[in-house]
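1. Prediction below, plus the sequence it came from.
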Amino acid sequence: MNIDWKKNPLIPAIAQDAQTNEVLMLAYMNEEAYNLTLSTGYAHYFSRSKQRIWKKGESSGHTQEIKDILLDCDADTIVLKIKQNGVACHTGRRSCFFTSVLQEKIILDKEVDTDAIYGVVDTLYHTILERKNAPAEAKSWTKKLLDDKELMLSKITEEAQEVVDAIDHESDEQVIYESADLLYHTLVGLGYRNISPDRVKQELARRFGISGIEEKENRQK
């Protein structure tokens with residue numbers, strides 16, 4: 001049975017430990033990711049948030065070695081039987097399924113330092129997404145911003161002006177402080193729109209080799 005990629009251009013892929021049968025994560029594959037998985041022997045996925053192909057572990061080194069691939073009866077979902085090197089979850093936990101609904105608590109501890117692996121920006125962004133998906137009664141400044149669009153937008157505007165003022169006539173330390181505030185609030189805005197900072201990085205990479213004048217002219221066309 002073959003996958004009909006025209007009918008199902010993106011299919012769920014469940015990563016399961018080949019020895020313990022523990023379900024570690026759920027991601028998605030398009031045809032390119034599927035073929036890369038077959039040809040390399042390592043799990044590749046299509047990231048809906050990053051809008052690109054990614055090899056599991058490309059940043060962390062926590063790769064998934066393919067031991068078998070199981071296709072369901074409708075040929076639109078697959079199970080990857082894998083050997084997980086390191087941890088599966090970007091939060092630093094063994095599995096992505098670490099929140100118990102019935103117990104109302106996190107049941108798995110972090111095993112690795114995500115700041116060291118992914119960098120502060122990516123770690124902060126994923127923390128923002130966790131706050132976004134937290135229960136309505138959860139109290140945090142991030143949650144408050146995400147639940148109040150006007151407040152969020154006004155804070156981004158306010159922090160941007162404070163960066164301008166700091167660059168104009170304040171100390172280096174104050175410029176750094178205000179820039180950190182602006183970056184945080186901008187990441188909240190990205191989280192509100194479900195836009196991964198990786199896509200901003202991709203846009204910056206695209207602009208390498210293009211002069212600023214040329215880029216602005218192209219934008220106006």
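-> Now that the structure is in, tell me what you want to look at.
2. mind listing what the spatially most central residue of the chain touches?
-> By C-alpha atoms, centre = their mean, the chain has its centre lying nearest to residue 196, at 5.7 Å. Taking C-beta atoms under 8 Å, 6 or more residues apart in numbering, we find residue 196 in contact with 47, 49-50, 125, 190. For the C-beta atoms, the positions are set from N, CA and C on the backbone; glycine is no exception.
3. same question, residue 128
-> Residue 128 touches 142, 146, 187-188, 191, counting by C-beta under 8 Å, 6+ apart.
4. how would you label residue 68: helix, strand or coil?
-> Here residue 68 is strand, with the state taken from DSSP: H, G, I helix; E, B strand; the rest coil.
5. about what we covered before: and the residue nearest to the centre of the chain, what are its phi and psi?
-> Dihedral angles of residue 196 (phi, psi; degrees, to the nearest 10) stand at phi -70, psi 140.
6. From residue 9, how far out is it?
-> 20 Å (C-beta to C-beta, to the nearest Å).
7. And the helices in this protein?
-> Secondary structure of the chain by DSSP state H: the helices cover 31-40, 114-118, 120-132, 141-147, 149-169, 172-193, 197-207, 212-220.
8. From the contacts of residue 196, pick the one nearest residue 57.
-> Checking the contacts of residue 196 against residue 57 with C-beta to C-beta, the nearest one is residue 47 at 13.4 Å.
9. Correct me if wrong: that closest one contacts residue 55.
-> No - with contact defined as C-beta atoms under 8 Å, residue 47 does not count as touching residue 55 (10.7 Å).
10. Just give the number of residues close to residue 33.
-> 23 (other C-beta atoms under 10 Å).
11. doesn't residue 42 make contact with it?
-> No - applying C-beta under 8 Å as the test, residue 33 and residue 42 come out as separate, 11.0 Å apart.
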